[in-house]
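Trainee: after the sequence you'll find the predicted model.
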Amino acid sequence: MTTAALTLDQDIGRPRYNPWLIAVVVALAAFMEVLDTSIANVALPYMAGNLGASNDQSTWVLTSYLVSNAIILPMTGWLAGAGRKRFFMSCLGIFTISSLLCGLAPSLGFLLLFRVLQGAGGGGLQPMAQAILADTFPPEKRGVAFALYGITAIMAPTIGPTLGGWITFNYSWRWIFLINLPVGVLTWFLVRRFVEDPPYLQRLKGAAVKLDYVGIALLTVGIGALQILLDKGQEDDWFRSRLITTLVVTSAVCLISLVVWEWFEKSPIIDVRMFKSFNFASASLMMFMLGIMLFSSLVLMPQFLQTLLGYTSQLAGLALSAGGFVLLIETPITGQLTTKIQARRIIAFGWLALSIAMFYSTKRIDLQISFSAATWLRIAQVVGLGFLFVPITLVAYVGIAPEKNNAVAGIINFMRNMGSSVGTSLVTTLIARRAQVHQLRLVEKARIDNPNFINSTRGLTQHFVNSGIGRHEAQATAYARIYHSLQAQAASLAYIDTFMVLCVGAAIMFGISFLLGKNDPGGGGVRVAE
């Protein structure tokens, strides 16, 4: 072992307890938080009815959580400066207590307040869990450790809607929050018992940290405005809404100012200078795209099955569940592969597989697709995802000093979460807009000089007449049936267009993969191979 490697090992330190025990503990905390970002989606109508609110008002239950969560995520590296274990336990405590309060909320106003607190507490759980894993395991085993974390980050959003629907249907929407209480309390005591700060963090505890008021203000306003406009943009028709336009301008001004301010700030809350590293910048971009791909497909498939094919939420969840099991098996295998194969090659394969799967989706998805075909299609869509999360996370640490691990974890998780918000907003807007375009094109064919349209109308009219309906009413019903079919076809074509956009995005990431640095597979991505 070289002197530099020995110094690094002593600086990071090795835990007194089994690293895998620590990994399970912190992964449990992260899983609980990631699950909460998606489990509440299906319960919104029940919350609205129980609390006397409209469906539009109930969507703020999601938005309030995402806003506070997004604000905390990028600054977790700075917040952990006073002690990562202490910060992790504080976040876990806030998240657990606010979950209890959410479950007991007497009104929508109180629920939104408690969701803001819950999002703030949850914002530190994912990045700190990842940073703890990075310091707990030696470099050569880091990829395997990240695989465990990857299971929580990818599996939780997959099973969240299904689990939330089952709990809400069989018990009450309040239990989707109350189930966090025993898990959170148990995890808090386990973290207190087994997790330790490495030596380099213990030395930093006593260092004075300047409070960056300007950075905090710009981050809060900028990210808050961005998250709200992404959640409400399509609902308010984007730039036709004065509110959305104002939020766009506010977000752009604040975030650009934030980058400039933090670049020259001596004690920044976000170390934007890390983006000078091409490897880190590329990994951040890829994690952002991974968030888009993961959540876009999570939105597209169940929405297609429920709105166009008439599936129940439970049946649509079952169609997606097989993909979750594939990820559960695939992610640990990917972790093992990172110890033998360069991360950038695994990443390239993942993006290629994902691009092919999205292209295949454009050819396979239609209004006649069966349940088994939809299940296999979902499996094809997740195969590539399983080869991306772990190696991208690994690449992000290439060339980064150990004392930056907290900052790396915060930014990487922030990029993935923002990608999920952008992806959800993107596909929702694309489907709505492309459906309108295709509907206009199809309506042009539904004219009285089109023999196919005339024959279809006559056939349906006669069918309804034979069923005992008057001819005038039968003809009106025939026109309505044709128009309904036309709308379904337009929507189906919109889904195909959206999958094609995702295919192109994955293909671009495949090309960028080869520009990443060559990590030493046995070294966990700590140094770049010559």
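Mentor: That came through, no problem.

Trainee: what segments of the stretch 301-450 of the chain are helices?
Mentor: Taking DSSP state H, counting those that start in this stretch, the helices of the stretch 301-450 of the chain run over residues 313-337, 343-364, 371-383, 389-396, 405-443.

Trainee: just those: most buried one?
Mentor: Highest mean neighbour count among those (mean count of other C-beta atoms under 10 Å): helix 389-396, with a mean of 30. The way it works is simple: take the backbone N, C-alpha and C, and place the C-beta from them, glycine included.

Trainee: who touches that helix?
Mentor: Outside of helix 389-396, the residues within contact range by C-beta atoms under 8 Å, 6 or more residues apart in numbering are 130, 142-143, 146-147, 149-150, 153-154, 279-280, 282-284, 286-287, 290, 331, 334-335, 338, 343-344, 346-347, 350, 408, 412, 516-517, 519, 524-525.

Trainee: direction-wise, compare that helix with helix 343-364 and give the angle.
Mentor: With axes from the mean of the first three to the mean of the last three C-alpha atoms, to 10 degrees applied, the angle from helix 389-396 to helix 343-364 works out at 140 degrees.

Trainee: what is the rounded mean pLDDT of helix 389-396?
Mentor: Across helix 389-396, pLDDT averages out at 85.

Trainee: now that helix against helix 313-337, angle please.
Mentor: If you take the same axes, to 10 degrees, helix 389-396 sits at 50 degrees to helix 313-337.

Trainee: domains in this protein, by residue range?
Mentor: For the chain, automatic domain parsing gives the domain ranges 1-209, 214-266, 273-422+499-530.

Trainee: mind checking the end-to-end distance for the second one?
Mentor: End-to-end distance of domain 214-266: 13 Å, with C-alpha to C-alpha, to the nearest Å as the criterion.

Trainee: make residue 1 into 28 and carry on from there
Mentor: I'll keep to 28 as the first residue from here, and by that count the last item is domain 241-293.

Trainee: in a markdown table, list the helices of the stretch 328-477 of the chain along with distance to residue 264.
Mentor: As requested, these are arranged in a markdown table below (distance: least, C-beta to C-beta, whole Å):
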| stretch | distance to residue 264 |
| --- | --- |
| helix 340-364 | 27 |
| helix 370-391 | 27 |
| helix 398-410 | 30 |
| helix 416-423 | 35 |
| helix 432-470 | 10 |
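
Trainee: so which of these comes closest to residue 207?
Mentor: Closest of these to residue 207 is helix 432-470, at 18.7 Å (criterion: C-beta to C-beta).

Trainee: residue contacts, the residue nearest to the spatial centre of the chain?
Mentor: Geometric centre of the chain, nearest residue: residue 447, 3.7 Å, by C-alpha atoms, centre = their mean. Taking C-beta under 8 Å, 6+ apart as the criterion, residue 447 is in contact with 64, 184, 318, 319, 321, 322.

Trainee: out of the domains of the chain, which comes closest to residue 500?
Mentor: When those are compared by C-beta to C-beta, domain 300-449+526-557 sits nearest residue 500, at 24.9 Å.

Trainee: re the thing from before, which two among the contacts of residue 447 are spaced furthest apart?
Mentor: Pairwise distances across the contacts of residue 447 peak at 15.1 Å for 64 and 319 (criterion: C-beta to C-beta).

Trainee: who has more neighbours out of these two?
Mentor: Between residue 64 and residue 319, residue 319 has the larger neighbour count (other C-beta atoms under 10 Å), namely 25 against 21.

Trainee: any figure for the gap between the more buried one and residue 511?
Mentor: Distance, residue 319 to residue 511, by C-beta to C-beta, to the nearest Å: 32 Å.

Trainee: kindly report the same for residue 178.
Mentor: Distance, residue 178 to residue 511, by C-beta to C-beta: 42 Å.

Trainee: tally of neighbours for the closest residue to residue 345 other than its chain neighbours?
Mentor: Ranked by C-beta to C-beta, 6 or more residues apart in numbering and with sequence neighbours excluded, the top spatial neighbour of residue 345 is residue 189, at 7.6 Å. If you count neighbours by other C-beta under 10 Å, residue 189 ends up with 21.

Trainee: does anything pack onto the helix or strand that contains residue 189? Which helices or strands?
Mentor: Element membership for residue 189 (DSSP states H and E) is helix 169-197. Judged by 3 or more C-beta pairs under 8 Å, 6 or more residues apart in numbering; DSSP states H and E, helix 169-197 is in contact with helix 46-66, helix 152-163, helix 202-205, helix 305-334, helix 340-364, helix 416-423.
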